[in-house]
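Structure of the sequence below:
(4 chains)
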Number of protein chains: 2
Amino acid sequence: MAEKKSDRTRAAILAAARERFGADGYERATIRAIAADAAIDPAMVMRYYGSKEKLFAAAAEFDIRLPDFGDVPLESLGEALARHFLERWEADDSLRVLLRTAVTNEVAVERMRSIFAAQLAPTLRVQAVDQPDVRAGLVASQVLGFALCRYILGFPPIATMPDDEVVAWLGPTLARYLTSPAPTLNQA
Amino acid sequence: MAEKKSDRTRAAILAAARERFGADGYERATIRAIAADAAIDPAMVMRYYGSKEKLFAAAAEFDIRLPDFGDVPLESLGEALARHFLERWEADDSLRVLLRTAVTNEVAVERMRSIFAAQLAPTLRVQAVDQPDVRAGLVASQVLGFALCRYILGFPPIATMPDDEVVAWLGPTLARYLTSPAPTLNQA
DNA sequence: AGCATATGCCAACACCTGTTGACTTTTGCC
DNA sequence: GGCAAAAGTCAACAGGTGTTGGCATATGCT
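Next comes the predicted model:
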């Protein structure tokens, strides 16, 4: 092991950064505050991560690989997705960081998009649904909207809803976005 | 008319503030930039609105009164809501301001909540649905999530979707949130 | 006209931001 | 023990922020 002490502070910085970015958003999370949380000097943050942008990029980097839904029957995929996202969202604050910062930071937007457009859509393609991009977008709109109300805005009935009830409400919505035939429009 | 010139610059400031807050969010929208857009001195902003917080409060203030849905049959209320919110969202950038700033500004959160919790929920109570707060929250989650993807994040298939298609997709979802019996949970 | 008042501009303030360089301490190897 | 490199500390920088007070200009009333 070539280095040990440095790795520990590197990790401390990253953990503090995740928390601050997630709680305050990109602009209000200052390097000084992050350094104070990690109990080190602000200059260390620069030495290890180069800049605030790069620190954020590192803090927003984590494996967001969706499990393989290729063999889940399409009818129960909605519920499976709802449960998976809920668990993923409560496991740590990685997704919260992304959602809170995506509003003002392009990097976060792109990373968020890569979850839904670049991961969910292909999964749907395997299931041979039509318009996989549209359906993935609709799923994203409901999942992100619910997360927004629950974790960021803290809307009372949504924020305190038990997990099972969340799945029971959202599951059918997602299922419909995945399975329902695309709407036919009468006129423009 | 006691004053004329001042009212015009007051309005110019407010318009520029709405645009900047909506485009950049609360922290990144600077008073100097707003003043530059309105082609006046930053000091004028302070003279007329007192502080950045108060300017924002003024910029985020507008009538968001929902039309009276008391007589709309519950089955078509979902579609009516979808269409109303979509129109309201595209009419001006008031709601965009609120959504973008709500992530970091408590005032915006409270104002957003007042739309759904304090206006939509009572409307539902008139229709005698059970759990009106939960249902209003669910509607909020889908409406805000879609707006987030369409106007803030700019997710490709959602951002470019024709209005009628939006209503066709979202209407049934909202309708289900309003009419479907509350899910019964087997166990905790 | 003259004058009070409203309106606007300018320069500066105190503070906070990300970032940098020089300096000191600790670590690990010979 | 001695020494080079790593790890950490400190103070300062340059620039941007909200905010303020003083000074000039324009306006409208009598």
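
Any idea how far the helix-or-strand element of chain A with minimal mean pLDDT is from the middle of the chain?
In chain A, no helix or strand scores lower on mean pLDDT, DSSP states H and E than helix A:121-126, which sits at a mean of 87. Here helix A:121-126 is found 19 Å from its chain centre; the criterion is CA atoms, centre = their mean, to the nearest Å.

anything in that helix near chain B?
No. Using CB under 8 Å from any CB of the partner chain, helix A:121-126 stays clear of chain B, coming no nearer than 9.1 Å. All C-beta atoms are positioned from the backbone trio N, CA, C, and that covers glycine.

got it, and stretch A:137-152?
Yes. Using CB under 8 Å from any CB, we find that stretch A:137-152 touches chain B at A:137-138, A:140-146, A:148-150, A:152.

and of the residues you listed, the nearest to DNA strand C?
Lowest distance from DNA strand C to the residues of stretch A:137-152 next to chain B (CB to the nearest atom of the strand) belongs to A:Ile152, with 20.6 Å.

tell me the contacts of the closest one?
Applying CB atoms under 8 Å, 6 or more residues apart in numbering or on different chains to A:Ile152 gives the contacts A:96, A:99-100, B:102-103.

again, only using 10 Å
A:22, A:25, A:96, A:99-100, A:103, A:144, A:159, B:102-104, B:109 (CB atoms under 10 Å, 6 or more residues apart in numbering or on different chains).

Next: A:Ala91.
Applying CB under 10 Å, 6+ apart, no residues qualify as near A:Ala91.

quick one: it and DNA strand C, what's the gap?
27 Å (CB to the nearest atom of the strand, to the nearest Å).

Same list, the residues of stretch A:137-152 next to chain B, but as CSV with secondary structure and pLDDT please.
Conversion of these to CSV gives the following (DSSP: H, G, I helix; E, B strand; the rest coil; pLDDT from 0 to 100):
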residue, secondary structure, pLDDT
A:Gly137, helix, 96
A:Leu138, helix, 97
A:Ala140, helix, 97
A:Ser141, helix, 98
A:Gln142, helix, 98
A:Val143, helix, 97
A:Leu144, helix, 97
A:Gly145, helix, 98
A:Phe146, helix, 98
A:Leu148, helix, 97
A:Cys149, helix, 97
A:Arg150, helix, 97
A:Ile152, helix, 95
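
Can you flag which of the contacts of A:Ile152 belong to helices?
A:22, A:25, A:96, A:99-100, A:144, A:159, B:102, B:109 (DSSP state H).

out of those, which are buried?
Buried members of the ones in helices among the contacts of A:Ile152, scored by 16 or more other CB atoms under 10 Å in any protein chain shown, are A:22, A:25, A:96, A:99-100, A:144, B:102, B:109.

what's the neighbour count on A:Arg125?
13 (other CB atoms under 10 Å in any protein chain shown).

The residue nearest to it when sequence neighbours are not counted: neighbouring residues, count only.
Using CB to CB, 6 or more residues apart in numbering or on different chains and skipping residues adjacent in sequence, the residue nearest A:Arg125 is A:Pro132, 4.9 Å away. Counted by other CB under 10 Å, the residues lying close to A:Pro132 total 20.

doesn't B:Gly137 make contact with A:Met161?
Yes. Counting by CB atoms under 10 Å, A:Met161 touches B:Gly137, with 8.0 Å between them.

Contacts only, for the closest residue to DNA strand D within chain A.
Closest contact between chain A and DNA strand D, by CB to the nearest atom of the strand, is at A:Ser6 (2.9 Å). A:Ser6 sits next to A:44, A:47-48 when contact means CB under 10 Å, 6+ apart.

Compute the distance between it and A:Ile40, please.
A:Ser6 sits at a distance of 11 Å from A:Ile40 (criterion: CB to CB, to the nearest Å).

shared neighbours, the two?
Going by CB under 10 Å, 6+ apart, residues that sit against A:Ser6 and also against A:Ile40 are A:Tyr48.

And for the closest residue to chain B within chain A, the neighbour number?
Here chain A gets closest to chain B at one residue, A:Gly145, 1.7 Å apart by CB to the nearest CB. Using other CB under 10 Å, A:Gly145 has 24 other residues around it.
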